[in-house]
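# Fold the following.
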Amino acid sequence: MQIRPFPALRARPDLARQVASVPYDVVDTREARLLAEGNPFSFLHVTRAEIAMPDATDPYSTDVYARGRDTLRRFEHEGTLLREAAPRLYLYRQTMGSHVQRGIVACCSTLDYENHVIKTHEKTRQDKEDDRTRHINTLNAQTGPVFLVYRDNPEVDQRVALLERTPPLFDFTAPDGIRHAGWVCPEADAYTRLFATIPAAYIADGHHRAAAATRVARERRGANPAHTGNEPYNWFLGVLFPASQVQVLPYNRLVKDLNGLSPAAFLEKTASLFTLSRTASPNPAAPGSACMYLAGTWYHLTWPALPFATPEQRLDVTVLQDRLLGPVLGIADPRTSKRIEFSGGIRGTGELEQRVNKGDAAVAFSMHPTTVRQMMDIADAGGIMPPKSTWFEPKLRDGLFVHTLA
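Below you'll find the model as predicted:
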């Protein structure tokens with residue numbers, strides 16, 4: 001695969017904690033307002049620019065994109081973001097409790113994306129891809145990185161271990177307790193040579209960002225008669241992590257109603273499809289199982305292994321969808337159904353109990369995490385995972401590094 005250094009806009013080190021924000025798509029407008037309240041440096045003023053506008057503002061209006069562009073320019077003009085004098089690569093380390101992951105911040109090739117050297121495992125939604133395309137085109141920048149993984153390379157690990165012993169550009173702990181640190185990578189050419197030996201990378205999080213960046217590149221390539229392939233629009237911002245270091249949490253399910261069944265009738269149908277037992281634990285202990293919260297009680301669901309199924313058919317979320325959510329609860333397409341919601345594992349199973357007890361949902365399912373190996377196997381086979389199959393944590397922060405297209 002191809003990576004290359006870039007002249008980043010990056011958060012001023014002493015303001016990095018205030019600038020760094022959660023990704024635009026993990027919060028709604030109300031949550032973004034609360035997170036940015038009292039913090040004029042928050043990058044949410046760029047990625048969720050509607051938070052500074054009247055409550056009724058459409059987040060997809062032209063004015064919102066323009067305001068994000070103007071704020072980004074102001075951050076650079078005022079020195080909140082600093083412009084690197086030369087192209088560079090960076091090391092970005094995140095620490096969440098005992099979990100540590102270390103990624104290389106670089107520009108990745110849109111041609112690698114088009115040629116499946118950078119592999120995907122989920123479909124993108126047209127409306128979300130349109131939004132990111134407008135955002136990139138209006139701001140002339142990619143404001144948040146794509147989260148990628150690759151199969152471990154010992155030589156990259158050795159270089160990273162040596163770099164970590166040197167003073168960082170920034171090192172701070174965010175309000176949620178996650179620690180973020182960054183370094184400039186010396187000898188960028190050595191990293192580009194090493195990554196050229198890595199056959200593929202896999203998008204863990206950021207499918208819409210990568211798809212939109214590639215769409216922008218295609219449009220600009222077609223409109224530029226002097227196109228060379230070296231223009232910034234041919235590249236997108238990514239952070240590349242070794243697969244062994246990333247952490248996947250479960251992606252849980254909540255269904256609003258029982259499709260006309262009583263709790264007793266639904267329980268009887270479930271017992272006919274799975275091995276069912278009451279449990280005191282809300283977390284499935286192993287793949288091939290799930291936990292279900294119904295009418296104040298947790299149940300453990302198990303099923304036999306599926307040796308002749310495809311990798312995506314063996315996923316726990318697929319089994320649950322194909323055997324129960326679809327045929328019994330009537331969730332034909334979880335991508336579009338308004339009767340199902342998804343809860344990232346970072347929220348815990350307490351969130352599931354609370355939502356069911358309040359009546360927001362009739363039943364909830366606690367899943368075992370999908371593994372990185374499963375994700376890579378499915379991507380290698382050209383398969384598509386069901387929606388909301390993986391929740392990677394910690395999330396990358398926006399605003400620490402920005403790739404501009406001019």
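
# got the contact list for Phe392?
147, 204-205, 246-249 (Cβ atoms under 8 Å, 6 or more residues apart in numbering). In short, each C-beta sits where N, CA and C put it, glycine included.

# one more time with 10 Å, if that's ok
101, 147, 149, 204-206, 241, 246-249, 344-346, 369, 372, 375 (Cβ atoms under 10 Å, 6 or more residues apart in numbering).

# likewise Gln354?
347-348, 360-361, 364.

# coming back round to it: would you mind checking the contacts of Phe392 for buried ones?
101, 147, 149, 204-206, 241, 246-249, 344-346, 369, 372, 375 (16 or more other Cβ atoms under 10 Å).

# Show me the residues you listed that map onto strands.
101, 147, 149, 204-205, 241, 248-249, 344 (DSSP state E).

# what's Asn357 sitting at in phi/psi?
phi -60, psi -30 (degrees, to the nearest 10).

# Kindly apply the preceding question to Leu294 instead.
phi -140, psi 130.

# my read: it touches Val363, true?
Yes. Counting by Cβ atoms under 10 Å, Val363 is a contact partner of Leu294 at 4.9 Å.

# any idea how far Glu76 is from Ala264?
62 Å (Cβ to Cβ, to the nearest Å).

# brain fart, Leu405
Leu405 is 59 Å from Ala264, by Cβ to Cβ.

# So between those two, which is more surrounded?
Leu405 (19 against 10; other Cβ atoms under 10 Å).

# List the residues that contact the more buried one.
With Cβ under 10 Å, 6+ apart, Leu405 has these contacts: 136-137, 139-142, 213, 216-217, 220, 231-236.

# Among these, which one sits closest to Pro5?
Of all the contacts of Leu405, Trp235 has the smallest distance to Pro5: 10.2 Å, by Cβ to Cβ.

# Bridged to the closest one, which residues?
Ser109 (DSSP bridges).

# what about it, neighbour count?
Neighbours of Trp235 (other Cβ under 10 Å): 25.

# And it, what's its pLDDT?
On pLDDT, Trp235 comes in at 98.

# close enough to count as contact, it and Ile118?
No. Using Cβ under 10 Å, Trp235 is not in contact with Ile118, being 11.6 Å away.

# what do these two both touch?
In contact with both Trp235 and Ile118: 2, 108-112, using Cβ under 10 Å, 6+ apart.

# May I ask which of those residues has the most neighbours?
Cys108 (28 neighbours).

# And the contacts of Gln354, which of them are buried?
Counted by 16+ other Cβ under 10 Å, these give 348, 361, 364 as buried.

# closest to Glu393 among those?
Gly348 (11.8 Å).

# Pull out the buried positions in the host helix or strand of that closest one.
In this structure, Gly348 sits in helix 348-358 according to DSSP states H and E. Buried residues in helix 348-358, counting neighbours by 16+ other Cβ under 10 Å, are found at 348-349, 351-353, 355-356.

# contacting residues around the nearest residue to Leu111 once chain neighbours are set aside?
Closest residue to Leu111 apart from its sequence neighbours, by Cβ to Cβ, 6 or more residues apart in numbering: Asn234 at 7.1 Å. The contact partners of Asn234, by Cβ under 10 Å, 6+ apart, come to 2, 4, 107, 109-111, 213-214, 216-218, 220-221, 227-228, 405.

# How about Val239?
Residues in contact with Val239 (Cβ under 10 Å, 6+ apart) are 90-92, 94, 101-106, 108, 145-149, 204-206, 396, 400-401.

# Please apply the same query to Ile384.
Counting by Cβ under 10 Å, 6+ apart, Ile384 makes contact with 120-123, 312, 378.

# I'd like those residues laid out as JSON lines, including pLDDT.
Below are those laid out as JSON lines (pLDDT from 0 to 100):
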{"residue": "Thr120", "pLDDT": "95"}
{"residue": "His121", "pLDDT": "91"}
{"residue": "Glu122", "pLDDT": "87"}
{"residue": "Lys123", "pLDDT": "86"}
{"residue": "Glu312", "pLDDT": "88"}
{"residue": "Ile378", "pLDDT": "92"}
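
# which of those are buried?
120-122, 312, 378.

# and the two most separated of the residues you listed?
Thr120 and Glu312 (13.1 Å).

# Mutual contacts of the two, please.
Joint contacts of Thr120 and Glu312 (Cβ under 10 Å, 6+ apart) are 378, 384-385.

# shaky segments in the stretch 51-200 of the chain?
Along the stretch 51-200 of the chain, the model assigns pLDDT under 70 to no residue.

# Break down the stretch 1-150 of the chain into its helices, ranges please.
Listed in chain order, the helices of the stretch 1-150 of the chain (DSSP state H, counting those that start in this stretch) span 16-19, 29-36, 44-47, 62-78, 110-114, 126-139.

# Among those helices, which comes closest to Arg159?
It is, among the helices of the stretch 1-150 of the chain and with distance given as Cβ to Cβ, helix 110-114, at 21.5 Å.
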